[in-house]
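> structure, please.
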Amino acid sequence: MTVYIDDVNDNRPRFSDAAMTLTVSESASPGTMYVIPAALDADSPQFGVQRYELDSQTDKFGLEVTQNIDGTQEVRAVGK
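Next up, the predicted model:
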């Protein structure tokens, strides 16, 4: 799975190094969730990360994003 970041202002979002590799077992059951640390963005919330999308050639994963009350986001890849 490849994650692309598209940024339209001065501070680009970035992921921590830990988020760059995701290991998925072949025996993983459908519905298994894998936490992807949210991108860090130095811009204000208004100009920060607005959404996450999964741009993939496979239908093996979906993406689930939860917006927390404090403005942070939780991002998960979900096996199908």
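> helix, strand or coil for Tyr34?
strand (DSSP: H, G, I helix; E, B strand; the rest coil).
> now it, nearest residue through space, not along the chain?
Of all residues not flanking Tyr34 in the chain, Ala77 sits nearest, at 4.5 Å (CB to CB, 6 or more residues apart in numbering). All C-beta atoms are positioned from the backbone trio N, CA, C, and that covers glycine.
> and for the one you found, the neighbour number?
The local packing count at Ala77 equals 20, with neighbours defined by other CB atoms under 10 Å.
> so it sits in a strand?
Yes: Ala77 sits within a strand when classified using three-state DSSP.
> that one contacts Met33, doesn't it?
Yes: look at Ala77 against Met33 with CB atoms under 8 Å: they come within range, at 7.2 Å.
> contacting residues around Tyr52?
Contact analysis of Tyr52 by CB atoms under 8 Å, 6 or more residues apart in numbering lists Leu63, Val65, Gln73, Val75.
> what's opposite the third one in the beta bridge?
Meaning Gln73. On the basis of DSSP bridges, Gln73 is bridged to Gln67.
> shouldn't it be in contact with Gly48?
No: with contact defined as CB under 8 Å, Gln73 does not count as touching Gly48 (9.5 Å).
> what touches both of those two?
In contact with both Gln73 and Gly48: no residue, using CB under 8 Å, 6+ apart.
> quick one on the thing from earlier: check the contacts of Tyr52 and tell me the two furthest apart.
Taking CB to CB, the two most distant members of the contacts of Tyr52 are Leu63 and Gln73; they sit 11.3 Å apart.
> quick check, Ser25 in a strand?
No: assessed with three-state DSSP, Ser25 is coil; it does not lie in a strand.
> phi, psi of it?
Here is the backbone geometry of Ser25 (degrees, to the nearest 10): phi -70, psi 140.
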